[in-house]
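Engineer: using only what follows, build the 3D model:
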Amino acid sequence: MSLTGKDKSEYVKKTFNSIAGNYDLMNTLMTLGMDKSWRRKVVKTVKAAPGLKILDVCCGSGKLAIEIAKAVTPIGSVTGLDFSEKMLEEAKKNIASSKVDGIELVQGDAMNLPFANDTFDGATVGWGLRNLPDLRKGILEMVRVVKPGSMVVSLDMAKPEIPIFRNIYWFSFKNIIPLLGKIWADKQQEYDYLFRSASDFESQKELAKIFAESGLTNTGYINLFGGVVAIVYGQKPLQ
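Structural biologist: Here you go, the predicted structure:
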């Protein structure tokens, strides 16, 4: 199944509303518990520091927003945006239990961010770009709303660069993840989508190229866990 435009947007929203309650558990299982350390690397890459104002697009259950808030508060703040109301409900719960302040949650569309130009001191997106109906437009929106000199950073599935490891990984992802989804969340179809979206997504090298084509400089990527996941980054040029 190949979806584009409004059809993909509606399907993704329905999918994430459906799996919201089990998302954090499944994410921990799929990443073997390494997701927390990866989020911390994103915080460093976006250069979060006390007093800064950071945007987290496709914030989901709020875990990345919480890590960023730890670095920028109490003076700074984080705005988490997602279009899934159920995921935002999970984010509210996680933020409350974390006892971290300075996070504002907004329901909105990553294709049309409801913020003025040059508003934020950096922007992040965790496992979100591959779900957008128009990848380049989503990146351009993030570039638009950050201040010159700020970082735009993505954490997402990538393409392992070691041939043998790559084959083992894709076999495992294709067969094990949907099975876990069925056992733990009774949502095999939804987790089939997660596999398809990961396998169809651009490689980290190609995504860094798209970042550059979107006007960012100093672009690059950091492979995590053998390139299964990658942090891709770029900096908005100083004007």
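Engineer: what's around Pro74, how many residues?
Structural biologist: Neighbour count of Pro74, defined by other C-beta atoms under 10 Å: 11. C-beta here means a position set from N, CA and C on the backbone, and glycine is covered the same way.
Engineer: that one and Ala91, how far apart?
Structural biologist: Taking C-beta to C-beta, to the nearest Å as the measure, Pro74 falls 20 Å from Ala91.
Engineer: what's the closest non-adjacent residue to Ala212?
Structural biologist: Thr219 (4.6 Å; C-beta to C-beta, 6 or more residues apart in numbering).
Engineer: how about that neighbour, secondary structure?
Structural biologist: Here Thr219 is recorded as strand under DSSP: H, G, I helix; E, B strand; the rest coil.
Engineer: which residues does it contact?
Structural biologist: Listed by C-beta atoms under 8 Å, 6 or more residues apart in numbering, the contact set of Thr219 reads Ala208, Lys209, Phe211, Ala212, Val232, Tyr233, Gly234, Gln235.
Engineer: and if we set it to 6 Å?
Structural biologist: Neighbouring residues of Thr219 by C-beta atoms under 6 Å, 6 or more residues apart in numbering: Ala208, Phe211, Ala212, Gly234.
Engineer: and the residues you listed, which is closest to Val43?
Structural biologist: Gly234 (16.6 Å; C-beta to C-beta).
Engineer: enumerate every residue touching that closest one.
Structural biologist: So Gly234 contacts Val152, Phe211, Leu216, Thr219 (C-beta under 6 Å, 6+ apart).
Engineer: among these, name the buried ones.
Structural biologist: Using 16 or more other C-beta atoms under 10 Å as the burial test, the contacts of Gly234 include Val152, Phe211, Leu216, Thr219 as buried.
Engineer: which ones among those are found in strands?
Structural biologist: Val152, Thr219 (DSSP state E).
Engineer: now the buried ones among the contacts of Gly234 in a markdown table, with pLDDT?
Structural biologist: A markdown table is the format used below for the buried ones among the contacts of Gly234 (pLDDT from 0 to 100):
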| residue | pLDDT |
| --- | --- |
| Val152 | 98 |
| Phe211 | 98 |
| Leu216 | 98 |
| Thr219 | 98 |
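Engineer: is it possible to get CSV of the buried ones among the contacts of Gly234 that adds distance to Thr79?
Structural biologist: Putting the buried ones among the contacts of Gly234 into CSV (distance: C-beta to C-beta, whole Å) gives the following:
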residue, distance to Thr79
Val152, 15
Phe211, 21
Leu216, 20
Thr219, 24
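Engineer: show me where this protein has its helices.
Structural biologist: Here the chain has its helices, by DSSP state H, at 5-19, 23-30, 35-45, 63-72, 85-98, 135-145, 163-180, 188-200, 204-213.
Engineer: export stretch 56-75 as PDB, just CAs?
Structural biologist: Below are the C-alpha coordinates for stretch 56-75, written out as PDB (Å, rounded to 0.1, in the frame of the first residue of the first chain):
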ATOM      1  CA  ASP A  56       9.700  19.400  18.800                       C
ATOM      2  CA  VAL A  57       7.600  18.400  15.700                       C
ATOM      3  CA  CYS A  58       5.600  15.200  15.700                       C
ATOM      4  CA  CYS A  59       6.300  15.000  19.400                       C
ATOM      5  CA  GLY A  60       4.200  11.900  20.000                       C
ATOM      6  CA  SER A  61       4.200  10.800  23.600                       C
ATOM      7  CA  GLY A  62       6.500  13.700  24.600                       C
ATOM      8  CA  LYS A  63       9.600  11.700  25.600                       C
ATOM      9  CA  LEU A  64      11.900  13.800  23.400                       C
ATOM     10  CA  ALA A  65      10.300  17.100  24.500                       C
ATOM     11  CA  ILE A  66      10.900  16.100  28.100                       C
ATOM     12  CA  GLU A  67      14.600  15.400  27.500                       C
ATOM     13  CA  ILE A  68      14.900  18.800  25.700                       C
ATOM     14  CA  ALA A  69      13.100  20.600  28.500                       C
ATOM     15  CA  LYS A  70      15.600  19.200  31.100                       C
ATOM     16  CA  ALA A  71      18.300  21.100  29.100                       C
ATOM     17  CA  VAL A  72      16.600  24.400  28.500                       C
ATOM     18  CA  THR A  73      14.400  25.000  31.600                       C
ATOM     19  CA  PRO A  74      13.700  26.800  33.900                       C
ATOM     20  CA  ILE A  75      14.300  29.800  31.700                       C
END
